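**Q** Coordinates only, no sequence provided:
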C-alpha cells in the first residue's frame, strides 16, 4: 500500500511529523474504526479521523437530526433537521475526504449487527448517549478483544475512558442494574466542552492508530512512572478514566487508573494492574 | 485527615462504604477516587481509610451523554 499523489499533498503537513511520517500515515489508511453515536462527540471524532486519513469508518446512529442538536453537532445544518444522522454525517464526511471508505448503519443496530460491525473494525469508539448502549459496546469490546475508546459528556461534566482486553472494563464501574445515568437531555450540555472532549478522544485515537505493533507492545505504562504521557505516540493510557476538572495548577483531563471489580459479570477474571 | 474534592473534611469513617453512607451518596451513578485510584463501588466496603495518613478523595457523578 502507498499514498497517491493527491494523498501525499493532502496529508503533507502530517507527513512532516517525524521520520516515520509515511509509515504512520499508511497505518491510518489501513485502519477501520467503528464510531457508535454521531452526536456532539461522534461528529467531531469522525470528522477528525476522516480528515486525518483513517481509511475506513463504520458510522452508527439510529437518530434523526433535531434542531437542538445543531449548536454542537458540527456535521449538520439547519436544513438537515429530520434527516437520519448517519446518512447526513457520511455525506459531509465524504466531502471532507473522499479517500475514506464509509459504511453506514442508520437504524439502531441489534446485538448481532453490532457484533458483526465490531468484528470488522480495529477499534471501537463509544460516543453514544445512554447507559445500555455503552454497556452493550463494552461487552462486545471485551468479547472481541478490541480496544474501546469512549467519551461521555453531560452538563459541565466530561469524561473519557480507554479500555482494552487487559484492563478492567466499563461494567466494573457501572452497574447494569442502574436505571440511567445523566445525559444531555436531563442535564443540558456545554457545546465547547463536548468538542474539546471529542478532540481529546480523536487525538488519542490517532496516536494509537498510527503506532506500530512494536510501539504499542513496548508502550510505557501510563501512571506514576510516566506522569507526562502525551506527546508519546505509544502511551495511550488504557485502563484509565479521565475527568475534565480544574485543580490548583491544572485545567484539563485528570486521569485515574480504574481498579477492577473482581466480581464483574463482564470481565471478572481481569487481574488488577494488568494494564 | 480526609480531603474531599480538595476540601478538608472532619468526617471519620473506617471504610469508603462507611464514608459514602455518612455523605449520603446516592446508590447509583457516583464515582469515587481514593488517592488517585478510581474504585468500583463493589470495592468500597473492603477499602479501609486510615486515620494515620491523609486521604484525598474525589467524588463525581458519572454521565452518559454524547
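**A** Right, received. Where do you want to start? Here the structure is a predicted model, which means the values were calculated and not measured. Residues are numbered from 1 along each chain as shown, chains lettered A, B, ... in the order given.

**Q** ok, which stretches of the stretch 101-250 of chain A are helices?
**A** Chain-ordered helices for the stretch 101-250 of chain A, with DSSP state H, counting those that start in this stretch as the definition, fall at A:111-119, A:131-144, A:170-173, A:184-187, A:191-210, A:213-217.

**Q** Then chain B?
**A** Remark: helices assigned in chain B by DSSP state H are B:16-22.

**Q** can you list the residues of chain B near chain A?
**A** The interface of chain B toward chain A, taken as CB under 8 Å from any CB of the partner chain, is made up of B:6, B:28-29, B:31, B:33, B:36-43, B:58, B:60-66. Just so you know, the C-beta spots here come from the backbone N, C-alpha and C atoms, and that holds for glycine as well.

**Q** now with 7 Å?
**A** Near chain A, the residues belonging to chain B are B:6, B:28-29, B:31, B:33, B:36-40, B:42-43, B:60-66 when assessed by CB under 7 Å from any CB of the partner chain.

**Q** Chain B: strands as residue ranges?
**A** Secondary structure of chain B (DSSP state E): strands located at B:2-4, B:7-9, B:30-34, B:37-39, B:55-61.

**Q** Output those strands as a markdown table; include the columns mean neighbour count and mean pLDDT.
**A** A markdown table is the format used below for the strands of chain B (neighbours: other CB atoms under 10 Å in any protein chain shown; pLDDT from 0 to 100):
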| stretch | mean neighbour count | mean pLDDT |
| --- | --- | --- |
| strand B:2-4 | 16 | 96 |
| strand B:7-9 | 11 | 94 |
| strand B:30-34 | 19 | 96 |
| strand B:37-39 | 20 | 96 |
| strand B:55-61 | 17 | 96 |
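
**Q** of those strands, which approaches residue A:161 most closely?
**A** Distances from residue A:161 to each of the strands of chain B were compared using CB to CB; the minimum, 9.4 Å, belongs to strand B:37-39.

**Q** Could you name the helices and strands sitting against that closest one?
**A** Secondary-structure packing of strand B:37-39 (3 or more CB pairs under 7 Å, 6 or more residues apart in numbering or on different chains; DSSP states H and E): strand A:251-257.

**Q** among the strands of chain B, which is nearest residue A:203?
**A** Comparison of the strands of chain B against residue A:203 by CB to CB identifies strand B:37-39 as nearest, at 21.6 Å.

**Q** Contacts for stretch B:10-21 next, please.
**A** The contact list for stretch B:10-21 (CB atoms under 7 Å, 6 or more residues apart in numbering or on different chains) reads B:2, B:22, B:32, B:34, B:39, B:44, B:45, B:47, B:48, B:49.

**Q** can you pull the contacts of residue 43?
**A** As the question left the chain open, I've gone with chain A. A:73, A:74, A:75, A:89.

**Q** wait, chain B
**A** Contacts were defined as CB under 7 Å, 6+ apart; by that measure residue B:43 touches A:259, A:261.

**Q** starting at the chain centroid, how far to whichever strand or helix holds residue A:6?
**A** Take DSSP states H and E as the rule and residue A:6 turns out to sit in helix A:5-10. Computed by CA atoms, centre = their mean, to the nearest Å, the separation of helix A:5-10 from the middle of its chain amounts to 26 Å.

**Q** before we move on, what about stretch A:157-167?
**A** So, by CA atoms, centre = their mean, the centroid of stretch A:157-167 is 10 Å from its chain's centroid.

**Q** right, and residue A:189 touches residue A:156 too?
**A** No - counting by CB atoms under 7 Å, residue A:156 is not a contact partner of residue A:189; they are 8.3 Å apart.

**Q** Between the two, which has more neighbouring residues?
**A** The neighbour count for residue A:189 versus residue A:156, taken as other CB atoms under 10 Å in any protein chain shown, is higher for residue A:189 (24 against 12).

**Q** residue ranges with poor pLDDT in the stretch 101-250 of chain A?
**A** Of all residues in the stretch 101-250 of chain A, those with pLDDT under 70 make up the ranges A:219-235.

**Q** rerun at 90
**A** Across the stretch 101-250 of chain A, the ranges flagged by pLDDT under 90 are A:108-109, A:166, A:178-188, A:212-237, A:246-250.

**Q** Go through the helices of the stretch 101-250 of chain A and name the closest to chain B.
**A** Nearest to chain B among the helices of the stretch 101-250 of chain A is helix A:184-187; the distance by CB to the nearest CB comes to 4.0 Å.
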